[in-house]
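Colleague: below is the sequence, then the predicted model.
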Amino acid sequence: MMRTNVLEYLEETAERVPEKIAFADEETSLSFCEFEERAKKTGTYFAEKGIQREPIIVYMKKSPDILSAFFGVVYAGGFYVPIDEEMPDRRIELILENTQARYLICDDETVKKAQGFSFKNNIVLYSDIIRANKDEKILAEIRKNSLDIDPVCIFYTSGSTGRPKGVVSCHRGIIDYVERLSEAVGFDEDCIFANQTPLYWDASMKEIYATLKYGATTYLVPKSLFMFPVKLVEYLNRYQVNTVCWVVSALTMISAFGTFDIAKPKFLKRVTFCGEVFPVRQFNIWKKTLPDVGFYNLYGPTEATGVSTYYHADRFFGEEEVIPIGKPFTNTQILLLNEKGRKVEDGTVGEICIRGSGVTLGYYNEWDTTESVYTQNPLNPYYHDRIYHTGDLAYLNDEGNFVFVSRQDYQIKHMGHRIELGEIEADAGMVEGVYRCCCIYVKEKNKIVLFYEGKIDKKLLTRKLRERLPQYMLPNAIMPVTHLPLLSNGKLDRQQMQEIYLKHLSEKRKKS
């Protein structure tokens, strides 16, 4: 039977393994039957208020309860919009303004701050919501009238104008995503996940929906552990975690600082990574330490529901290699187009454009922005055929795998040459003593700046880079740091690096 609603995953699993732990953190755990019960109570509460096909803001601490609130909103026929205390206040205010939501769910820890927002509508406590009785009849009536193209959630991404953009995902896209991802990397009911990513980021869907589909278990890892790699590995072993779906920076934090000399993950079977290019040196450390683990490089934007391609990295990689992003999932097509909208030849760099059920509904309440990147397929002039332009550059190699090159906005013109900042990062990352690095371009100063963590001296690194890079690609400044600044989702915070460098220049001028 073809599924048309993500709640079918929960209901089928709750019937099959009702007492198994679905989601847990250090304080709370919810079995599948408890999770379903709380979601249905939440659904009943909002169904009685008639919120079908409209957004509800969910502002709670990261816990199993917030996940049940998400699916309660879906039971009511609405779509959930996660926000978090980690978000800057201005970003939250912009999201509230964009959604114009009538309801905001919070808990005892977030209610005080929620009351300080400019939000003038209804703030409701989760603890009050789940005191309500569930009404199976009203929930069944809502389900009968729902479609697979109805929204499930909105995840907000960064906008070039400084305003976050709300990407709207629907049932059909999420179901297609979960089915194809699980098929590609081998998720099953024995999976024990350790969630690393914030729940307001689409990457968290990997664990959440695979857990509901198979009856797996997800542990929500305390954020503080990602500053202490040995304790983090010990946490994985304590809960016998066998599957992690983490951003690259979380993985390299473990491998770069000698953690494996002290502690190794004993139960890992598969590791998926995404969000950034995995430095080959660090990947090879993971592969050498855990030779029997399956490693998968995943690629995909929020606008395509999260992940669109996969590559089983089943070997070591040489210094000059890049780990491919692989092949598209079943029912997904990747087009590489040039600036004129024409397909490029194999081996030639083009923009990644995505076609398939995973392409989301667009940006919430942002018609012009949606139409600028969700466009008619230029290769098909005959009927409506929508694709998403990612702004990412890649090429198809001889093995039929796509290889990520860079973001279009990471490609710069410097000293008369077109330069990929990712190429500088790759070379710097291969230098002995560099743990992690990031290259930025400070446009107002016309400077290439390399930030790095490691034990190598800045002067020695400069000499090593002169041996590897042409003169025009050499960084104008090299900034050693104890820790590269990260966004709350674990990705590198390039904007903060810009600010650090400009502050450094300002202080330097004052001293002179």
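Modeller: Done, it's in.

Colleague: ok, and the closest non-adjacent residue to Leu361?
Modeller: Counting by Cβ to Cβ, 6 or more residues apart in numbering, Leu361 lies nearest to Val168, which is 4.2 Å off, once chain neighbours are set aside. Bear in mind the C-beta positions are built from the backbone N, C-alpha and C, glycine included.

Colleague: quick one: list the elements packing against the one helix or strand that neighbour maps to.
Modeller: Of the helices and strands defined by DSSP states H and E, Val168 is found in strand 165-170. Judged by 3 or more Cβ pairs under 8 Å, 6 or more residues apart in numbering; DSSP states H and E, strand 165-170 is in contact with helix 89-99, strand 151-157.

Colleague: highest mean neighbour count out of these?
Modeller: Of all the helices and strands packed on strand 165-170, strand 151-157 carries the top mean neighbour count, a mean of 23, counting by mean count of other Cβ atoms under 10 Å.

Colleague: now do that strand against strand 165-170, angle only.
Modeller: Orientation check (axes from the mean of the first three to the mean of the last three Cα atoms, to 10 degrees): strand 151-157 against strand 165-170 gives 150 degrees.

Colleague: check the offset of strand 151-157 from the chain's centre.
Modeller: With Cα atoms, centre = their mean, to the nearest Å as the basis, strand 151-157 stands 12 Å off its chain's centre.

Colleague: for that strand, which outside residues touch it?
Modeller: Contacts to strand 151-157, defined as Cβ atoms under 8 Å, 6 or more residues apart in numbering, come from residues 6, 53, 55, 70, 74, 79-82, 91, 95, 99, 164-171, 174, 200-202, 302-303, 361, 364.

Colleague: quick one: buried ones out of those residues?
Modeller: With burial judged by 16 or more other Cβ atoms under 10 Å, the buried subset of the contacts of strand 151-157 is 6, 55, 70, 74, 79-82, 91, 95, 99, 164-171, 174, 200-202, 302-303, 361, 364.

Colleague: from the contact counts, what lies against the helix or strand encompassing Thr44?
Modeller: Here Thr44 sits within helix 32-47, counting by DSSP H and E. For helix 32-47, the helices and strands in contact under the criterion 3+ Cβ pairs under 8 Å, 6+ apart are helix 7-16, strand 21-24, helix 64-75, helix 126-129, helix 136-144.

Colleague: most packed of those?
Modeller: Greatest average neighbour count among the helices and strands packed on helix 32-47 goes to helix 64-75 (a mean of 25), per mean count of other Cβ under 10 Å.

Colleague: tell me the angle that one makes with helix 7-16.
Modeller: Going by the same axes, to 10 degrees, helix 64-75 makes 120 degrees with helix 7-16.

Colleague: contact partners of the helix or strand following helix 64-75?
Modeller: The first helix or strand that comes after helix 64-75 along the chain, using DSSP H and E, is strand 79-83. By Cβ under 8 Å, 6+ apart, the list of residues contacting strand 79-83 from outside reads 53-59, 66, 69-70, 73-74, 92, 95, 99, 101, 150-156, 166, 168, 199-200.

Colleague: which stretches in the stretch 151-300 of the chain count as helices?
Modeller: 171-185, 205-214, 229-238, 248-256, 280-289 (DSSP state H, counting those that start in this stretch).

Colleague: so which of those helices is the most packed in?
Modeller: helix 205-214 (a mean of 24).

Colleague: quick check: angle from that one to helix 7-16?
Modeller: Per the same axes, to 10 degrees, the angle that helix 205-214 makes with helix 7-16 is 50 degrees.

Colleague: tell me what helix 205-214 is packed against?
Modeller: helix 7-16, strand 21-24, helix 171-185, strand 192-195, strand 217-220.

Colleague: now the angle between helix 32-47 and it, please.
Modeller: Using the same axes, to 10 degrees: helix 205-214 against helix 32-47 is 110 degrees.

Colleague: number the residues from 310 up from this point.
Modeller: Will do, 310 is the new start, and the previous item becomes helix 514-523.

Colleague: alpha carbons of helix 514-523, as PDB, please.
Modeller: Provided in PDB are the C-alpha atoms of helix 514-523 (Å, rounded to 0.1, in the frame of the first residue of the first chain):
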ATOM      1  CA  MET A 514      14.700  14.300   9.700                       C
ATOM      2  CA  LYS A 515      17.100  11.400   8.900                       C
ATOM      3  CA  GLU A 516      16.900  10.000  12.400                       C
ATOM      4  CA  ILE A 517      13.400  11.200  13.300                       C
ATOM      5  CA  TYR A 518      11.600   9.700  10.300                       C
ATOM      6  CA  ALA A 519      13.700   6.500  10.000                       C
ATOM      7  CA  THR A 520      13.000   5.900  13.700                       C
ATOM      8  CA  LEU A 521       9.200   6.200  13.100                       C
ATOM      9  CA  LYS A 522       9.400   4.100   9.900                       C
ATOM     10  CA  TYR A 523      11.300   1.100  11.300                       C
END
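
Colleague: residues in contact with it: which ones?
Modeller: Contacts of helix 514-523 (Cβ under 8 Å, 6+ apart): 315, 318-319, 322, 331-332, 376, 483, 486-487, 490-491, 496-498, 500, 502, 504, 508, 525-527, 554, 581, 614-616.

Colleague: follow-up on the earlier one: Leu774 is nearest to which of the helices of the stretch 460-609 of the chain?
Modeller: Of all the helices of the stretch 460-609 of the chain, it is helix 589-598 that lies closest to Leu774, at 15.1 Å by Cβ to Cβ.

Colleague: and the closest one, how far from the chain's centre?
Modeller: Offset of helix 589-598 from its chain centre (Cα atoms, centre = their mean): 22 Å.

Colleague: helix 557-565 and that helix, what's the angle between them?
Modeller: Taking the same axes, to 10 degrees, one finds that helix 589-598 is oriented at 60 degrees with respect to helix 557-565.

Colleague: check what pLDDT Pro794 gets.
Modeller: pLDDT recorded at Pro794 is 89.

Colleague: isn't it right up against Gln807?
Modeller: No. Between Pro794 and Gln807 there is no contact under Cβ atoms under 8 Å: 10.2 Å.

Colleague: the stretch 610-759 of the chain: helices as residue ranges?
Modeller: Using DSSP H, counting those that start in this stretch, the helices of the stretch 610-759 of the chain run over 676-682, 730-738.

Colleague: the last one vs helix 557-565, what angle?
Modeller: So the one you mean is helix 730-738. Using the same axes, to 10 degrees: helix 730-738 against helix 557-565 is 10 degrees.

Colleague: now do the contacts for Pro610.
Modeller: Taking Cβ under 8 Å, 6+ apart as the test, what Pro610 contacts is Ser617, Ile663, Tyr697, Thr699, Asp701.

Colleague: now the first one. Nearest residue, chain neighbours left out?
Modeller: The spatial neighbour of Ser617 that comes closest, neighbours along the chain excluded (Cβ to Cβ, 6+ apart), is Gly609 at 3.7 Å.

Colleague: repeat for Ala519
Modeller: Nearest to Ala519 is Phe496, by Cβ to Cβ, 6+ apart, at 4.5 Å.
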